[in-house]
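**Student:** Here is the input, now give the coordinates:
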Amino acid sequence: MHSFEVLAGDFVKRFNRAHFPSSLPSLYDPAEYFLSIGGKRVRPVMCLMGNELFGDIGNEAWHVAEAIELFHNFTLIHDDIMDNAPLRRGKPTVHTKYNMPTALLSGDVMLISAYDSLNALSEKHLHTVVALFNKTAREVCEGQQLDMNFEKLVTVPMEDYIHMITLKTSVLLAGSLQMGAILNDASEEDQKHLYEFGKNLGIAFQVQDDYLDAFGDPGKFGKQPGGDILANKKTFLLIQALATANTSQKQALEQLLNNNDPKKVEKVLQLFRDTRVDEWAKSLKNRFFDLSLEHLDRITVDNNRKEPLLSLAQFLIQREY
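**Tutor:** Residues are numbered from 1 along each chain as shown. Below is the predicted model:
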């Protein structure tokens, strides 16, 4: 069994190559540029880990992992356009460095390349994997649309927000794991539990991410806390604070959301503490994390084969950056 770090290193060695032809630089160079920015490669490595959970890592798993990473980067290029984001991982976004039409086309061609990678699969697995890949891709788009819809709403029910996060973030983690499992002929029951492990871990991860943006140590988190607050983003913390605040606290929060008070972050964080959402977020994270571990425990393979996934899960929800 291999750790996440080892598999991530192996994947990067395979993935860091030219993915597009040199015949039309105005189209393909921006796509290559975006891939060169790098990333954590969590999703493709989870595909490899899901595959190794049920046997040796096969050649098909590497092709699917590549398709997943290409698809993920396609979504990031388009997300940057929708968010009008100037930077991605400290580098200019594609639409900033080049232009909007080029960014759209570069994202499109990256998605097409993902399907080229899936074409390397055998007849035995091609239909099942592509069906799951398409279902996952559709749900990611649904999650992004819901996120944009929520920006126009004053309040969002917690259940609706969790549903959005599940689609936008969690299903790709879960689907990556299940695609890897399919390729090593895991039983449908084991696939279901592995999917639920990834889905609930993804929700716990997002809770932790929201918490760190508000309360993280700048020295460890790598940026000043409160970016979500300044952007008026609806997060687990804000939704819970609005739902549990008394009348005066809710009024104060709503006023802060509608102005550019120079002490906005400081005041909102204090209201978060007053409504005890910092403590609530930790318990919510643990609830979804525990649920993910219940599903991991029910997968019918030796526990030693689950250790790399367990270690990765613990790192993702205990991280401070």
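**Student:** check contacts around the nearest residue to Ala18 once chain neighbours are set aside.
**Tutor:** Distances taken as Cβ to Cβ, 6 or more residues apart in numbering place Glu32 nearest to Ala18, at 6.5 Å, with adjacent residues excluded. Bear in mind the C-beta positions are built from the backbone N, C-alpha and C, glycine included. Glu32 makes contact with 18-20 under the criterion Cβ atoms under 8 Å, 6 or more residues apart in numbering.
**Student:** What is the nearest of the residues you listed to Ile229?
**Tutor:** His19 (37.6 Å; Cβ to Cβ).
**Student:** Tell me the secondary structure at that closest one.
**Tutor:** Of the three states, His19 takes coil according to DSSP: H, G, I helix; E, B strand; the rest coil.
**Student:** I'd assumed Tyr33 was in contact with it.
**Tutor:** No - counting by Cβ atoms under 8 Å, His19 does not reach Tyr33; the two are 11.4 Å apart.
**Student:** Give me the more crowded residue out of these two.
**Tutor:** Taking other Cβ atoms under 10 Å, His19 and Tyr33 do not tie; His19 has more neighbours (20 against 15).
**Student:** thinking again about what came up before, looking at the contacts of Glu32, which is nearest Leu53?
**Tutor:** His19 (27.6 Å).
**Student:** pLDDT wise, what is that closest one at?
**Tutor:** If you check His19, the pLDDT there is 96.
**Student:** got a list of what it touches?
**Tutor:** 31-32, 35, 70, 113.
**Student:** For these, give me CSV that also has secondary structure, pLDDT and distance to Val301.
**Tutor:** Shown next, in CSV, are the contacts of His19 (DSSP: H, G, I helix; E, B strand; the rest coil; pLDDT from 0 to 100; distance: Cβ to Cβ, whole Å):
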residue, secondary structure, pLDDT, distance to Val301
Ala31, helix, 97, 38
Glu32, helix, 97, 39
Leu35, helix, 96, 33
Leu70, helix, 98, 29
Ser113, helix, 97, 33
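**Student:** biggest separation within the residues you listed, which pair?
**Tutor:** In the contacts of His19, two members sit farther apart than any others by Cβ to Cβ. They are Glu32 and Leu70, at 11.8 Å.
**Student:** low pLDDT regions in the stretch 201-321 of the chain?
**Tutor:** Residues of the stretch 201-321 of the chain that meet the criterion pLDDT under 70 lie in 218-225, 320-321.
**Student:** Show me where the stretch 101-250 of the chain has its strands.
**Tutor:** With DSSP state E, counting those that start in this stretch, there are no strands along the stretch 101-250 of the chain.
**Student:** State the number of residues packed around the nearest residue to Gly202 once chain neighbours are set aside.
**Tutor:** Excluding the flanking residues, the one nearest Gly202 by Cβ to Cβ, 6+ apart is Ser170, at 2.9 Å. By other Cβ under 10 Å, 26 other residues sit near Ser170.
**Student:** got a list of what Ser170 touches?
**Tutor:** Ser170 neighbours (Cβ under 8 Å, 6+ apart): 198-203, 206.
**Student:** Val207: neighbour count?
**Tutor:** Using other Cβ under 10 Å: Val207 sits among 26 other residues.
**Student:** Need phi/psi at the closest residue to Phe315 other than its chain neighbours.
**Tutor:** Sequence neighbours aside, Phe4 is the residue nearest to Phe315 in space, at 7.7 Å (criterion: Cβ to Cβ, 6+ apart). Phe4 adopts backbone torsions of phi -60, psi -40, taken as degrees, to the nearest 10.
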